[in-house]
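K.L.:
Predicted model and sequence follow; I will ask about them next.
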Amino acid sequence: MSMKFSQLISKTMRTEPTEAETASHRLMLKAGMVHQVASGVYSYLPLAWRSLRKIENIIRQEIDAAGGQEIRMSVLQPMELWEETDRRSAFGDNLFTLEDRRGRPMVLAPTHEEVVTNIVRANVQSYRDLPAVLYQIQTKFRDEPRPRAGLIRVREFDMKDAYSFDADEESLENSYQAMAQAYRNIYERCGLPALMVEADSGAIGGKDSHEFILPTPSGEDVVLTCPKCGYAANTEKAGGVVPPTQMEPPLAMEEVSTPGVKTIAGLSDYLGIPQSSTLKAVFYSADGDVVFATIRGDLDVNEVKLKNVLHCHDLRLASQEEVGAAGLVPGSASPIGLENMKRVADESIKSGSNFAVGANKSDAHIINANYPRDFQVDILTDISLTQEGHGCIRCGTPLEATRGVEVGHIFKLGTFFSETLGAYFLDREGQQRPIIMGCYGIGVGRLLAAAIEQNHDDQGIVFPMPIAPYQVHLVGLNLADAEVARAADDLYERLWQEGIETLYDDRRDEAAGVKFNDADLLGLPVRLVISPRNLRQDSVEVKERRDKEATMVPVGEVVGRIARLIKG
RNA sequence: CGGGGUGUAGCGCAGCGGCUAGCGCGCCACGUUCGGGACGUGGAGGCCGGUGGUUCGAAUCCACUCACCCCGACCA
């Protein structure tokens, strides 16, 4: 095994690829690591593939160490399997579907809970078989509405998914904690300071769920963290204490004319009151039914919380037609007198008084509305989106917001799949019980992209050693000089003999600057330079990619020095 | 699915009714160079995303369509 730059099929680019805006995407294209096939579909070229295999191996080692047993499952699956658990509708258009030659509906698996549960159903009958962890590192398919940012969000991707099977909650907790620890080890070895945060477990998920987030400005997720007590949660999940408003004695309701006022900001300006003294109405369509949500004007609805409350599959803002058909007046809607649809309100409607709300007719609002004196709701609960500055749910300290990329997600699934698909075991008492499941995912390609997102500078990638495609970038300058070429070839041989993965820039016709720039772009952790100048001192220049300064090392000591550097 | 943008050589772009479609980088050959993106000479490389219109004539104008990117929606 070895690699000379002159033989490397992929080419580095001198000009910036305009398609890419995110750093990792731009750098991976520029460094010739990936090749786009379609929107959200990429081929991995040699450098990326080496790096991905290293990431896979780190994951494999850690999950094995935590007791995981690797398996390989089918990617092509019958649609029926997805109908059994009703996840065909849960996944909706994200499911890649096709038909076989007999016209049978099939899917390209987006994940493997159904298949793995059936494997366990066939193989586990007794509590003596539990606990168990099965895992796979395989390609999965999701027809995402909007692929973006290179490997961050794609439609075909490699994923490690582990599934745990336990006899009771306590055992599940152990499995869960063991996986969480394995995840921390994985991120650490990949050089990634990932945050573990509380997350929503989704429509089917059970109780606990955590996401691992790598903080980076280009991330698509937002997490809220408490600087004091360490509470950390995804915004979708985060609880928070909304800023209170003053409670006043209730006044009499009164209709006021508000010509042209259609927004909370407009209402607040027009009446000269803070937005927190208004109530906002938002209309949703939940599996086709219109839902009327009410929340204090300065807050936003958390759609994940709302979805969980409603137990629906599909939640989206209602269309203009739906709003019109329901007789609602956008801009002046209010829950007052409303009875013919489901009304959900956020608890914040109790945290203030004498609110301004819509009058259910254009150009008019009602002031001094108070709950429950003036209107009723069907569900009153927390549906607010916690934001930066809201109080920590544990200690009240103002929360801080951080953007990041989700690089892992773990769930306690509970017994949904085992009960639906009939995966039961007999406990000590001979009692039949459903297996308790957990699942644990990491996107391999996304981890690579996130690592580059986290580790780069203006010149290029700065690979962490454990996931670098090669450990050493050997640059030969002036290789037309036979003596230099001999020294470089020799060093290259000795490095590989020592097991040091070395990419050798053996190009004879490139200027030094080109080679240096390519070395910086590819970002291998250690750069060695052999040149006439260095050889005159019988030395090789050693420079770590993350450092600015280089040092000269005698030719005879280089291999040993690098070996030590790599072992770290 | 809504909003915005882009499709012309491997990459980055110009040309926007007129003749044989151009520039830079990259690529091939030869020579000179050789420590931070060198130079000379000579070359190769294009269904101007697709379809249909308008026109004597279309990369250029019109219509439709496809693809890709960005924002949003969405995203166990």
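P.N.:
Happy to help now that I have it.
K.L.:
ok, and for stretch A:87-105, which residues are buried?
P.N.:
A:Arg87, A:Arg88, A:Phe91, A:Leu95, A:Phe96 (16 or more other CB atoms under 10 Å). Yep, even glycine has a C-beta here, placed from its N, CA and C like the rest.
K.L.:
beta partners of the closest residue to the fourth one other than its chain neighbours?
P.N.:
Going back to what we said before, that points to A:Leu95. Leaving aside its sequence neighbours, A:Leu95 sits nearest to A:Val107 (CB to CB, 6 or more residues apart in numbering; 5.4 Å). Beta-bridge pairing of A:Val107, defined through DSSP bridges, involves A:Gln77, A:Thr97.
K.L.:
For RNA strand B, what's its nearest residue on the stretch 251-400 of chain A.
P.N.:
A:Glu303 (4.8 Å; CB to the nearest atom of the strand).
K.L.:
Check whether A:Ile366 sits in a helix, strand or coil.
P.N.:
At A:Ile366 the chain is in strand, as set by DSSP: H, G, I helix; E, B strand; the rest coil.
K.L.:
where does it land on pLDDT?
P.N.:
According to the per-residue confidence, A:Ile366 scores 79 in pLDDT.
K.L.:
re the thing from before, tell me which of the buried residues of stretch A:87-105 fall in strands.
P.N.:
With DSSP state E as the criterion, strands contain A:Phe96 from among the buried residues of stretch A:87-105.
K.L.:
can you map out the helices along the stretch 301-450 of chain A?
P.N.:
In the stretch 301-450 of chain A, the helices defined using DSSP state H, counting those that start in this stretch lie at A:303-310, A:320-325, A:416-421, A:444-454.
K.L.:
out of those, deepest packed?
P.N.:
helix A:444-454 (a mean of 27; mean count of other CB atoms under 10 Å).
K.L.:
model confidence over that one, on average?
P.N.:
Here the average pLDDT along helix A:444-454 is 93.
K.L.:
What helices and strands are in contact with that helix?
P.N.:
On a contact count with 3 or more CB pairs under 8 Å, 6 or more residues apart in numbering; DSSP states H and E, helix A:444-454 meets helix A:23-30, helix A:46-65, strand A:156-166, strand A:209-215, strand A:400-414.
K.L.:
List the buried residues for the helix or strand that A:Leu535 is a member of?
P.N.:
Using DSSP states H and E, A:Leu535 maps to helix A:532-536. Across helix A:532-536, burial judged by 16+ other CB under 10 Å covers A:Asn534, A:Leu535.
K.L.:
Which among the helices of the stretch 301-450 of chain A is found nearest to A:Leu267?
P.N.:
In this view, the helices of the stretch 301-450 of chain A are compared for proximity to A:Leu267 by CB to CB, and helix A:320-325 is the closest at 18.4 Å.
K.L.:
average model confidence for the closest one?
P.N.:
70.
K.L.:
One more: stretch A:390-397?
P.N.:
For stretch A:390-397, mean pLDDT rounds to 83.
K.L.:
that older thread, count of residues packed around the residue nearest to A:Leu95?
P.N.:
Other residues lying near A:Val107 total 21 when counted by other CB atoms under 10 Å.
K.L.:
just the one 3 residues further on next, same as before
P.N.:
Using other CB under 10 Å, A:Pro110 has 21 other residues around it.
K.L.:
What of the one 10 residues further on?
P.N.:
By the criterion of other CB under 10 Å, A:Val120 has 22 neighbours.
K.L.:
Identify all contacting residues around whichever strand or helix holds it.
P.N.:
In the assignment (DSSP H and E), A:Val120 maps to helix A:113-123. The contact list for helix A:113-123 (CB atoms under 8 Å, 6 or more residues apart in numbering) reads A:71, A:73-74, A:77, A:81-82, A:84-85, A:87, A:109, A:129, A:132, A:134, A:136, A:163, A:165, A:413, A:417-418, A:421-424, A:435, A:437, A:439.
K.L.:
Would the next helix or strand along the chain from that helix count as contacting RNA strand B?
P.N.:
The element immediately downstream of helix A:113-123 (helix or strand, assigned by DSSP H and E) is strand A:132-141. No: remark: strand A:132-141 sits outside contact range of RNA strand B, by CB under 7 Å from any atom of the strand, the gap being at least 11.2 Å.
K.L.:
what angle sits between strand A:132-141 and helix A:46-65?
P.N.:
Computed with axes from the mean of the first three to the mean of the last three CA atoms, to 10 degrees, the direction of strand A:132-141 lies at 160 degrees from that of helix A:46-65.
K.L.:
anything in stretch A:379-395 near RNA strand B?
P.N.:
No: Stretch A:379-395 stays clear of RNA strand B (CB under 7 Å from any atom of the strand), getting no nearer than 10.4 Å.
K.L.:
Next, the distance between the ends of that stretch.
P.N.:
Terminal residues of stretch A:379-395 lie 27 Å apart, using CA to CA, to the nearest Å.
K.L.:
Would you mark the buried spots in it?
P.N.:
A:Leu380, A:Asp382, A:Ile383, A:Ser384, A:Leu385, A:Thr386, A:Gln387, A:His390, A:Gly391, A:Cys392, A:Ile393.
K.L.:
Which residues outside it are in contact with it?
P.N.:
A:224, A:226, A:228-229, A:231, A:233, A:235, A:238-243, A:293, A:295-296, A:299-302, A:305-306, A:309, A:342-350, A:397-401.
K.L.:
now swap in stretch A:499-515 and tell me
P.N.:
Stretch A:499-515 has contacts (CB under 8 Å, 6+ apart) with A:1-6, A:8, A:469-477, A:479-480, A:488-489, A:492, A:495-496, A:518-519, A:522, A:524, A:531, A:559, A:562-563, A:566.
K.L.:
Pull up the distance across it, start to finish.
P.N.:
Using CA to CA, the two ends of stretch A:499-515 sit 24 Å apart.
K.L.:
ok, back up a step: what angle do the helix holding A:Val120 and strand A:156-166 make?
P.N.:
40 degrees.
K.L.:
before we move on, the earlier item: just the ones in helices from the contacts of stretch A:499-515, please.
P.N.:
Using DSSP state H, A:Ala488, A:Asp489, A:Tyr492, A:Leu495, A:Trp496, A:Asp518, A:Ala519, A:Leu522, A:Val559, A:Ile562, A:Ala563, A:Ile566 are the members of the contacts of stretch A:499-515 that sit in helices.
K.L.:
And the most centrally placed residue in chain A, how far from RNA strand B?
P.N.:
Centroid check for chain A by CA atoms, centre = their mean gives A:Glu406 as the closest residue, at 2.2 Å. In this view, A:Glu406 and RNA strand B are 8 Å apart by CB to the nearest atom of the strand, to the nearest Å.
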